[in-house]
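Visitor: Compute the structure for the input listed below.
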Amino acid sequence: MAGIEFEVKALDVDPAKVARLITEAGGVRTTGTRLMRRYVYDTLPAVPGRWVRLRDTGTEVTLCVKQIATDAVDGTHETEVTVDSFEEAAALLRLTGLTPRSYQENRRTSYTLGAARLEVDEWPRIPPYLEIEADDEAQVWEAAAALGIGHDQLTSINTTKVYGLYGIDLDSIADLRFG
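Guide: Modelled structure (predicted):
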C-alpha cells in the first residue's frame, strides 16, 4: 500500500485526559495500550528523510519505506506491506545487507473518531503525544476541532524531530526501550 499520510501531533498530552476528550466527542477506543517495537534501517544508498521501518504493532507486522517530503500535514509518503513475522523479516533484511541503525519501542493506545484514527503514543524519555491521522486533510482538522485542539496546538513533524524538541538526537540512540 502506498500513499500520503495525512497526520498531525499534539505534543505533551495527558493520556487519561485525551482518552476522556475522545470518548466525550463520540470516539471509541479500538485497542488497549500495547507495546510496539521496530527496527529502523537506512535505505541503500542512504537518503536524508527516507528510511525503512520493520514494525510489530502487537496486532500486525509491517515493512515500509517512509519518506518525509515536508513537515506539512501531508508531507509524509509511505509504501507499506504486511509481513508474517518480525523476526523472519529482520533476518531476511539482514541477508540483503540491511542492518538496523536502531531498535525502538513505544506504547500505543488507538481510537477512532469519525473518519480519523487517533493514537496516544508514549515513547521513552519524552512526554506522550496524540497523533491524528485520516484519509484527507479535512478529516484531520475535523477530528482536532472535535477535541477542542486548534491548529496552533498541532505539528506535523516526525518523531525524530519531536525528540529534537526535547534536546535528544533520536538518530544517535541505537537501542530505545522502556526502563
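Visitor: Give me the pLDDT for the nearest residue to residue 58 once chain neighbours are set aside.
Guide: Nearest residue to residue 58 in three dimensions, chain neighbours excluded: residue 34, at 3.6 Å (Cβ to Cβ, 6 or more residues apart in numbering). Where C-beta positions appear, they are placed from N, C-alpha and C, glycine not excepted. We have a pLDDT of 97 for residue 34.
Visitor: show me what contacts residue 34?
Guide: 57, 58, 59, 107, 108, 109 (Cβ atoms under 8 Å, 6 or more residues apart in numbering).
Visitor: And the residues you listed, which of them are buried?
Guide: 57, 58, 107, 108, 109 (16 or more other Cβ atoms under 10 Å).
Visitor: Regarding stretch 171-179, how distant is the last residue from the first?
Guide: 19 Å (Cα to Cα, to the nearest Å).
Visitor: List the buried residues of it.
Guide: 173, 176.
Visitor: now stretch 109-121
Guide: Judged by neighbour count (16+ other Cβ under 10 Å), stretch 109-121 contains these buried residues: 109, 110, 111, 112, 113, 116, 117, 118, 119, 120, 121.
Visitor: again with stretch 29-43
Guide: Result for stretch 29-43 [16+ other Cβ under 10 Å]: buried residues 36, 37, 38, 39, 40, 41, 42.
Visitor: same question, stretch 46-60
Guide: Within stretch 46-60, judged by 16+ other Cβ under 10 Å, the buried ones are 51, 52, 53, 54, 55, 56, 57, 58.
Visitor: Strands - which of these land there?
Guide: Judged by DSSP state E, strands contain the following of the buried residues of stretch 46-60: 51, 52, 53, 54, 55, 56.
Visitor: Take these and lay them out in a markdown table including pLDDT and distance to residue 87.
Guide: A markdown table is the format used below for these (pLDDT from 0 to 100; distance: Cβ to Cβ, whole Å):
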| residue | pLDDT | distance to residue 87 |
| --- | --- | --- |
| 51 | 93 | 20 |
| 52 | 96 | 16 |
| 53 | 96 | 16 |
| 54 | 98 | 10 |
| 55 | 98 | 13 |
| 56 | 98 | 9 |
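Visitor: Residue 23 - that's part of a strand, no?
Guide: No - using DSSP: H, G, I helix; E, B strand; the rest coil, the assignment for residue 23 is helix, not a strand.
Visitor: wouldn't it be in contact with residue 30 here?
Guide: No - using Cβ atoms under 8 Å as the test, residue 23 is too far from residue 30 to be in contact (12.0 Å).
Visitor: Now do the contacts for residue 23.
Guide: residue 29.
Visitor: now do the one 4 residues further on
Guide: With contacts taken as Cβ under 8 Å, 6+ apart, residue 27 has the following neighbours: 111, 112, 113, 114, 118.
Visitor: Distance-wise, check it relative to residue 4.
Guide: Look at residue 27 and residue 4: by Cβ to Cβ, to the nearest Å, they are 23 Å apart.
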